[in-house]
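Enquirer: Below are the sequence and a predicted model; questions follow.
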Amino acid sequence: MSFNAGPVLLLGGTGKVARSIAALLAKSDIPTIQASRSGATTEPDATNISGVAFDWHDETTYAKALAATPRAVFLVAPPILDSFSPMSAFINIAQEKGVRRFVLLSSSALEADEEGVAMGKVHAYLKALGDKGQVEWAALRPTWFQENLAEHRAHVMSIWGEGKVYSATGEGRIPWVAVEDIAASAFQLMTQEAAPNAEFLILGPELLSYGDIAAIISDVLGRKVVHHQQTPRERKDMFAMAGMPDGYADMMAALDVQILHGSEERTNDVVLKLTGREPRRFRVMAEQRKEVWLSDA
């Protein structure tokens, strides 16, 4: 696959994963466009990277993002339950413009499902197009991000102010994954010659419950942090208080319950196979980011 004729397009361009991909692309000579509402780039010193304004809810912004006929598009869904409508419309328009490869950021919790919700339905749509030979595709299905504990304000403030981490996951264990490993996997799938045409569960190297996470953070900070178990209703209400739409808050609380029952208890070697390196452990992130839990800023 040659990138000489067109750039890589990163939707959700200034988000966690896309900006990490942009940092990798900045070290290459591959032309890249970061698409976001602001139109900004997180790599202003990189001569091969530019920004463009993009809004999933405004189809008039699609044309400019696709003007250079990208050879690969990184798809990040808007935070709504019916993300399929705008995303399928964009994919169709991109195809008409000559785009061949799409790499979707989905979730380990969502299987490809034509009757499903959110990214699961988009995953199924891309697979169907791929089966017809109309596109090249990959669905990245990362588990829960390690960085959530250091970047989501609710987690940061509860760790700093209360010495608590909240969830409804009980003793359910998760193979927490680093954003840098998701980004490196996406980079590989967008730049390799061979069409991926598959899904990839992106998992970390160890299974840790929220209690285990609290213990690691305690050790790193030198003070006690504990896991506070919530009911599903309490979890949903906490998400809603943080500004999450009601239906989305219900879905997120339900995911916690699934974790409680073992839905995320698995590991694999996908990151190693895609990137050539072992995925990062949670403790490494905690050591690198511990200052955020020591300040109320």
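Expert: Arrived safely. Numbering: from 1, shown residues only.
Enquirer: switch to C-alpha atoms for all contacts and neighbour counts from now on
Expert: Will do.
Enquirer: which stretches of the stretch 1-150 of the chain form helices?
Expert: Secondary structure of the stretch 1-150 of the chain (DSSP state H, counting those that start in this stretch): helices at 16-25, 62-65, 84-96, 118-131, 148-151.
Enquirer: If you could redo that for the stretch 151-297 of the chain, that was the one I meant.
Expert: So, for the stretch 151-297 of the chain - with DSSP H, counting those that start in this stretch - the helices run 153-162, 179-191, 210-221, 232-241, 246-260, 270-275, 282-289.
Enquirer: okay, the third one in CSV with CA atoms only?
Expert: Spelled out, that is helix 210-221. These are the backbone C-alpha positions of helix 210-221, laid out as CSV (Å, rounded to 0.1, in the frame of the first residue of the first chain):
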residue,chain,number,x,y,z
TYR,A,210,-10.1,-2.2,40.3
GLY,A,211,-9.0,-3.4,43.7
ASP,A,212,-5.6,-4.4,42.1
ILE,A,213,-5.4,-1.0,40.4
ALA,A,214,-6.1,0.8,43.7
ALA,A,215,-3.3,-1.3,45.4
ILE,A,216,-0.8,-0.4,42.7
ILE,A,217,-1.7,3.3,42.9
SER,A,218,-1.4,3.1,46.7
ASP,A,219,2.1,1.7,46.4
VAL,A,220,3.1,4.3,43.8
LEU,A,221,1.8,7.2,45.9
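Enquirer: any idea how far the residue lying closest to Ser88 once chain neighbours are set aside is from Glu193?
Expert: The spatially closest residue to Ser88, leaving aside those adjacent along the chain, is Val122, at 6.9 Å (CA to CA, 6 or more residues apart in numbering). Here Val122 is placed at a distance of 23 Å from Glu193 (CA to CA, to the nearest Å).
Enquirer: returning to that earlier point: do you know the pLDDT at the residue nearest to Ser88?
Expert: At Val122 the predicted local distance difference test score is 96.
Enquirer: just checking, it touches Pro86?
Expert: No: with the criterion set as CA atoms under 8 Å, Val122 and Pro86 do not qualify as a contacting pair; they are 10.1 Å apart.
Enquirer: So for those two, which residue has more residues nearby?
Expert: Legend: neighbour count by other CA atoms under 10 Å for Val122 and Pro86, higher for Val122 (26 against 16).
Enquirer: How about residues contacting the strand ranked longest in the chain?
Expert: Selection of the longest strand in the chain by residue count, based on DSSP state E, yields strand 136-142. Among residues not part of strand 136-142, those counted as contacts by CA atoms under 8 Å, 6 or more residues apart in numbering are 100-110, 123, 126-127, 130, 177, 182, 186, 189, 195-203.
Enquirer: and if you look at stretch 146-157?
Expert: Residues lying outside stretch 146-157 but in contact with it, judged by CA under 8 Å, 6+ apart, are 165-166, 176-179, 242, 282, 285-286, 289-290, 292-293, 296.
Enquirer: go on, stretch 24-40?
Expert: Contact partners of stretch 24-40, identified using CA under 8 Å, 6+ apart, comprise 3-4, 6-14, 18, 22, 41, 43, 46-55, 65, 184, 187.
Enquirer: swap in stretch 93-112?
Expert: By CA under 8 Å, 6+ apart, the list of residues contacting stretch 93-112 from outside reads 66, 69-77, 119-124, 126, 134-143, 186, 189-190, 195, 201-202, 255, 263-264.
Enquirer: Cool, thanks, talk later.
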